[in-house]
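Colleague: sequence plus the predicted model coming up.
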Amino acid sequence: MSMNSGFEVRSFKEIDSTNTYLIEEAKQGARDGLVATAAFQTAGRGRQGRTWEAPEGSALLVSALLRPVMSPDEAHLVATAVALSARAAIEQLSGLRASLKWPNDLVVEAAKIAGILGEIAPDAPGGSDGSIAVVVGIGINLSTEGPPEAKGTSVLAQTGSAPSPDELLDQFLAELSTRRSMLDEPEGRAALLAEARSLMSTLGSQVRVTRQDSILEGKALELTDGARLIVLDDAGERHVISVGDLIHLRPR
Ligand code: BTN
């Protein structure tokens with residue numbers, strides 16, 4: 001255990017999943033700001049039940065337990081804060097400018113460089129102060145591009161060199177500590193949304209959203225205050241999207 005930018009960091013050589021670990025810790029009442037990182041995950045999880053695999057040391061694999069004071073409807077924003085923090089840290093260390101792809105991927109052009117999994121910790125003791133327990137994990141590709149079918153990229157592939165996972169972790173936590181405090185207040189949340197809107201390549205793009213039972217195509221118009229996506233379909237109907245897979249059909 002060590003402290004880093006106000007976070008308590010637990011570093012593992014190997015773990016099943018840093019998200020799974022923190023969800024268990026949250027159930028036991030672990031505090032806001034507990035962070036878990038691992039050189040290797042044996043059961044890394046992606047969104048929508050997918051697995052997330054990275055060779056040892058090839059990616060920054062990190063999760064944070066945060067207990068912001070907000071309604072569960074706004075929990076998306078916690079993942080947004082993590083995405084923005086990672087984006088800024090990557091740029092500071094490598095000069096690489098990734099953008100956000102809704103909901104929270106980081107991409108360079110169309111290629112994914114980082115994926116985020118945000119989960120509301122179930123059965124966690126709710127704060128009497130109105131806080132909720134959210135675990136957000138991110139995998140940032142440093143020297144791995146992920147499985148071929150993911151059509152991903154890495155900091156190494158984009159810039160010819162990559163910071164170490166530890167270097168990137170330090171910078172990421174410094175960025176996250178600023179944004180963490182913004183999550184508790186409406187003005188801070190509004191500022192985070194404004195930052196996300198300005199860095200989200202999805203807005204203005206033609207998109208296809210694959211949902212459980214349907215496929216929706218249209219233009220991504222805006223991000224709601226709860227970080228949901230408004231899509232205008234070809235018939236002129238507006239849809240509010242909260243989950244689903246999205247691909248960009250045409251750049252804006
Ligand atoms: C996705 O794009 O599908 C989300 C991937 C999230 C991966 C990270 S790696 C650290 C943390 N632990 C996990 O098991 N998953 C997240």
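Modeller: Done, it's in.
Colleague: what sits up against stretch 79-87?
Modeller: Residues from elsewhere that reach stretch 79-87, judged by Cβ atoms under 8 Å, 6 or more residues apart in numbering: 64, 98-100, 103-106, 114, 116-118, 134, 136, 138, 140, 172, 175-176, 178-180, 182-183, 192-193, 195-196, 199, 227. Where C-beta positions appear, they are placed from N, C-alpha and C, glycine not excepted.
Colleague: same thing but 7 Å
Modeller: With Cβ atoms under 7 Å, 6 or more residues apart in numbering as the test, stretch 79-87 has contacts from 64, 98, 100, 103-104, 106, 114, 116, 118, 136, 138, 140, 172, 175-176, 179-180, 183, 192, 195-196, 199, 227.
Colleague: and for stretch 213-221?
Modeller: 102, 202-209, 229-234, 239.
Colleague: buried subset of those, written for PyMOL?
Modeller: Filtering these down to the buried ones (16 or more other Cβ atoms under 10 Å) takes a single PyMOL command:
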select buried, resi 102+202+203+205+206+207+209+229+230+231+239
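Colleague: pick out the most distant pair among the contacts of stretch 213-221.
Modeller: Greatest spatial distance among those (Cβ to Cβ): W102 and D234, at 19.2 Å.
Colleague: quick one, domains of this protein?
Modeller: 2-199, 206-248 (automatic domain parsing).
Colleague: could you look over those domains and pick the most buried one?
Modeller: domain 2-199 (a mean of 19; mean count of other Cβ atoms under 10 Å).
Colleague: ok so, going back, ok, and which of the contacts of stretch 79-87 reach the ligand?
Modeller: Near the ligand, judged by Cβ under 6 Å from any ligand atom, the entries from the contacts of stretch 79-87 are 116, 138.
Colleague: among the contacts of stretch 79-87, which are in strands?
Modeller: 64, 100, 106, 114, 116, 118, 136, 138, 140 (DSSP state E).
Colleague: right, and the second one touches L106 too?
Modeller: Yes: L100 lies in contact with L106 (Cβ atoms under 7 Å); the separation is 6.4 Å.
Colleague: can you map out the helices along this protein?
Modeller: 18-27, 76-94, 155-159, 165-182, 186-199 (DSSP state H).
Colleague: JSON lines for those, including distance to M1?
Modeller: As requested, the helices of the chain are arranged in JSON lines below (distance: least, Cβ to Cβ, whole Å):
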{"stretch": "helix 18-27", "distance to M1": "12"}
{"stretch": "helix 76-94", "distance to M1": "21"}
{"stretch": "helix 155-159", "distance to M1": "27"}
{"stretch": "helix 165-182", "distance to M1": "14"}
{"stretch": "helix 186-199", "distance to M1": "28"}
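Colleague: will you turn those helices into TSV that also has mean pLDDT?
Modeller: Output for the helices of the chain, formatted as TSV (pLDDT from 0 to 100):
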stretch	mean pLDDT
helix 18-27	97
helix 76-94	96
helix 155-159	98
helix 165-182	97
helix 186-199	95
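Colleague: for this protein, which residues are neighbours of the ligand?
Modeller: So the chain meets the ligand at 17-19, 41, 44-47, 50, 52, 61, 63, 105, 115-117, 137-139 (Cβ under 6 Å from any ligand atom).
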